[in-house]
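S.K.: Provided below for reference: sequence and predicted model.
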Amino acid sequence: MEEQEIWKRFREGSEHEFTLLYRRYAPVMLRYGHRLSSDPDLVKDCVQQVFFQVWKSRQNLSTPPSVRNYLLKAFRCELAKKATFISRFQSLPDDSQLGTETSYEAELIKLQTSDLDSQRISQLLTKLPERQREVIFLKYYTGLQYDEMADIMGIDQKSVYKLTYKAIDKLHKLFHVPEKQESTSLRKRVRVLASSLAPSPAEEAAPALEKLPASGKLALNFD
């Protein structure tokens, strides 16, 4: 079933559709949260709060172009309210120093021509600032477009380009990629980057969802 139809029925009060939304999007929200916070309890609490709020206010909600992006943005806002570890967006060099989107793509391709294992990539991702790790996750794990990333992160698209460029540029430098090296496909290297962000078995399954008919509310059980 398409997410728009699921959302429509959820807004009409269907607990079944609410459960479908939860099982479909709670895991990616949790994984996103684990890239932003080292506190798993806080992450779970924020996911729970988002789903509680959308259920509570479902009749007043409009239909977003992307339900996934809407929930990710709501989750990020909730997490930002409850934590101080999400860094403020720092000023970056001018475009003349960073180059255009085209030069970013060139750096990405240059990085992705190296024969590097995903474990090494995963280790080096931890060395990136939080905002840079976030754009790598949104771009390569969830497959978002730049405008979608900008909307979720609450910054303009130009800033997303800059953050992504800086993240790729730093990874490139950390890897010390030789200038001349046998080329592999861009698609293959993107898969390697994405696989390095794959969840652990403990993160993979969606937490259980419990109904509390007596109160007319839904409780999310993460145990």
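M.R.: Right, received. Where do you want to start?
S.K.: the helices in this protein, which residues?
M.R.: For the chain, the helices defined by DSSP state H occupy 3-11, 15-36, 40-56, 67-82, 95-98, 101-112, 118-125, 130-136, 146-153, 157-175, 186-195, 201-204.
S.K.: mind exporting the longest one as PDB, just the C-alpha atoms?
M.R.: Only the C-alpha atoms of helix 15-36 are listed here, as PDB (Å, rounded to 0.1, in the frame of the first residue of the first chain):
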ATOM      1  CA  GLU A  15      -4.800   2.000  14.400                       C
ATOM      2  CA  HIS A  16      -3.800  -0.600  11.900                       C
ATOM      3  CA  GLU A  17      -2.400   2.000   9.500                       C
ATOM      4  CA  PHE A  18      -0.800   3.800  12.400                       C
ATOM      5  CA  THR A  19       1.000   0.500  13.200                       C
ATOM      6  CA  LEU A  20       2.100   0.200   9.600                       C
ATOM      7  CA  LEU A  21       3.600   3.700   9.700                       C
ATOM      8  CA  TYR A  22       5.400   2.900  12.900                       C
ATOM      9  CA  ARG A  23       6.800  -0.400  11.700                       C
ATOM     10  CA  ARG A  24       7.900   1.100   8.400                       C
ATOM     11  CA  TYR A  25       9.600   4.300   9.800                       C
ATOM     12  CA  ALA A  26      10.500   3.800  13.400                       C
ATOM     13  CA  PRO A  27      13.600   1.700  12.500                       C
ATOM     14  CA  VAL A  28      15.100   4.400  10.200                       C
ATOM     15  CA  MET A  29      14.200   7.100  12.800                       C
ATOM     16  CA  LEU A  30      16.100   5.100  15.500                       C
ATOM     17  CA  ARG A  31      19.100   4.600  13.200                       C
ATOM     18  CA  TYR A  32      19.100   8.300  12.300                       C
ATOM     19  CA  GLY A  33      19.000   9.100  16.000                       C
ATOM     20  CA  HIS A  34      21.900   6.900  16.800                       C
ATOM     21  CA  ARG A  35      24.000   9.000  14.400                       C
ATOM     22  CA  LEU A  36      23.100  12.100  16.300                       C
END
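S.K.: show me the contacts for the nearest residue to residue 33 once chain neighbours are set aside.
M.R.: Excluding the flanking residues, the one nearest residue 33 by Cβ to Cβ, 6 or more residues apart in numbering is residue 43, at 3.4 Å. Using the backbone N, CA and C atoms, a C-beta is placed for each residue, glycine as well. Residues near residue 43 by Cβ atoms under 8 Å, 6 or more residues apart in numbering: 30, 33, 34, 36, 37, 79.
S.K.: I figured the last one was touching residue 34, is that so?
M.R.: Think residue 79. No - contact criterion Cβ atoms under 8 Å: residue 79 and residue 34 do not qualify, at 10.9 Å.
S.K.: how many other residues sit next to the closest residue to residue 64 other than its chain neighbours?
M.R.: Nearest residue to residue 64, sequence neighbours excluded (Cβ to Cβ, 6+ apart): residue 70, at 3.9 Å. Neighbour count of residue 70, defined by other Cβ atoms under 10 Å: 21.
S.K.: And residue 125, by the same measure?
M.R.: For residue 125, using other Cβ under 10 Å, the count is 20.
S.K.: swap in residue 140?
M.R.: Residue 140 has 19 nearby residues by other Cβ under 10 Å.
S.K.: now, among the contacts of residue 43, which is nearest to residue 145?
M.R.: residue 36 (20.2 Å; Cβ to Cβ).
S.K.: And for the residue lying closest to residue 7 once chain neighbours are set aside, the neighbour number?
M.R.: Nearest non-adjacent residue to residue 7, counting by Cβ to Cβ, 6+ apart: residue 67, 5.2 Å away. Neighbours of residue 67 under the rule other Cβ under 10 Å: 19.
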